[in-house]
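1. Sequence and computational prediction follow.
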Amino acid sequence: MEPAESSRSKEDSDIWAKLVPTDSTYPPIEIRSREAVICSEITSSSIEKHPWCEIKWNPDKDSAMIRNLSSNVIIIDGKVVGEETVNIISGSEITSGPDREVFLTYVFEAMPSHRNNEKIIEISLDVEHAKCSICLNIWHDVVTVAPCLHNFCNGCFSEWLRRSSTKFNNRAQSVVCPQCRAVVFSVGRNHFLHNIEEAILQTFSSLKRSDEEIALLNTYASIKSNIVVGMHTSRKRPHSLSNDDSNEIALPCPQCGNELGGFRCNRTTTHLHCQGCGGMMPFRSDSVVPQKCLGCDRAFCGAYWDAQGVDAREFNMICHHETFKPVSERTISRIPELVHQNNQFERDITERCIQRTGKTLQAVISDWIIKFDNKELGNVPFA
């Protein structure tokens, strides 16, 4: 007697269930495919095999769904089943026709090893965390920027990158993250998050954008592989340290390879990225000069290099010392153009908010300083 068959696919090689006949003269039917059509003898007098039901695996349960494919009704756990699909569990009795005395009966058995090994891992994810902070929609063709690791639509960030690449007063500006304002050094497509993006849209179809919106977004997308972002200007050694004015060498910072101000970096020196110019400076725990802003906890190099006696004119990427000094020493009559990374729209919103308070800009900032010193305001979160 030939064994009964179930349809199978190449990728499904493991047996996840069996149909064991109550008549031991017939062999069990091994089920490998996740959606298997059972083709077997249906009566003891059968000579040919007939497709009489379809069994579909429930991945999140120790059960399956069965659908009657025969022209007759079948019996499942004593209940007559017509064309409808019903649930079966390990131990369910299935008769391939309307009469148990005539038609063969099988017992459904799910394989224990399969049930234990193929449990689906459910991960809780807040949909709000899967939204692009530029367009406020679920990511589309998601990209990740480094080092802050925030995520955006490819098209949205590509357009942000294009606009950020324009020069301001003939000076190249660092590209910053639209979400946290940290300087961006690289960006690339994130294939892992792309799978999450697709899973969310399959679950919440109402969050899908129109075909027209997707097509427009795709026209903006320019990030096809990992790219390095930012200014790629070589650092120059001070003229006093080299007889060859044309000698240029790429250095992490001016104190790498040179002893300046009594300090020279070694191979283990940790460096900080300046948020003002995009350059680098050594992290000095022994420095009496602040290297980070107490308000936003970002690094700025102007005060440090001034204290080290390094002239900003000797290097391409060093801030002027005036860019980093106590706010109390500044007189501010208007919002600087560089605020919000030259974003006029955000600057206008800030101006309107301050105007509604009925105070001058200097008065508002003075209030902030007092509250900050009194610890009524914490550090600004940028993560």
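-> Structure's in. What do you need?
2. Tell me the secondary structure at the spatially closest residue to residue 225 that is not a sequence neighbour.
-> Nearest-residue entry for residue 225: residue 188, 6.7 Å, with adjacent residues in sequence omitted and distances by Cβ to Cβ, 6 or more residues apart in numbering. For glycine as for every other residue, the C-beta is placed from the backbone atoms N, C-alpha and C. The three-state label given to residue 188 by DSSP: H, G, I helix; E, B strand; the rest coil is strand.
3. Residue 188 contacts residue 229, correct?
-> No: counting by Cβ atoms under 8 Å, residue 229 is not a contact partner of residue 188; they are 10.2 Å apart.
4. what's the distance between the residue nearest to residue 225 and residue 335?
-> 34 Å (Cβ to Cβ, to the nearest Å).
5. ok, now residue 225?
-> 38 Å.
6. cool, residue 42 as well?
-> 82 Å.
7. Check residue 40 too.
-> 79 Å.
8. Could you check which of the two is surrounded by more residues?
-> The residue with more neighbours, out of residue 40 and residue 335, is residue 40; 23 against 15, by other Cβ atoms under 10 Å.
9. ok, the more buried one touching residue 55?
-> No: in this structure, residue 40 is not within contact of residue 55 by Cβ under 8 Å, at 11.9 Å.
10. list residues touching both of the two?
-> Overlap of the contact sets of residue 40 and residue 55 (by Cβ atoms under 8 Å, 6 or more residues apart in numbering) consists of residue 19.
11. Quick one: the helices in the stretch 1-150 of the chain, in order.
-> 112-117 (DSSP state H, counting those that start in this stretch).
12. Just the pLDDT for residue 151.
-> Turning to residue 151, the model gives it a pLDDT of 96.
13. so it touches residue 142, yeah?
-> Yes: using Cβ under 8 Å, residue 151 is in contact with residue 142, at 5.3 Å.
14. shared neighbours of those two, anything?
-> Here residue 151 and residue 142 have 132, 190, 193 as joint contacts, going by Cβ under 8 Å, 6+ apart.
15. ok, so of these, who is nearest residue 87?
-> residue 193 (34.5 Å; Cβ to Cβ).
16. Pull out the buried residues from the strand or helix carrying the closest one.
-> Using DSSP states H and E, residue 193 sits within helix 191-203. Residues 194, 196, 197, 200, 201 are the ones in helix 191-203 that count as buried (16 or more other Cβ atoms under 10 Å).
17. wait, which of those is closest to residue 221?
-> Closest to residue 221, out of all of the buried residues of helix 191-203 and judged by Cβ to Cβ, is residue 194, at 12.7 Å.
18. Where do the domain boundaries of the protein fall?
-> 5-117, 127-228, 329-373 (automatic domain parsing).
19. want to throw those into JSON lines with distance to residue 256?
-> What follows is the domains of the chain, written out as JSON lines (distance: least, Cβ to Cβ, whole Å):
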{"stretch": "domain 5-117", "distance to residue 256": "53"}
{"stretch": "domain 127-228", "distance to residue 256": "18"}
{"stretch": "domain 329-373", "distance to residue 256": "28"}
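20. Any idea which of these has the lowest pLDDT on average?
-> Among these, domain 329-373 scores lowest, with a mean of 80.
21. The longest strand along the chain: partners in the sheet, and parallel or antiparallel?
-> If you go by DSSP state E, the chain has its longest strand at strand 50-58. Using DSSP bridges, strand 50-58 pairs in its sheet with strand 35-40 (antiparallel), strand 63-68 (antiparallel).
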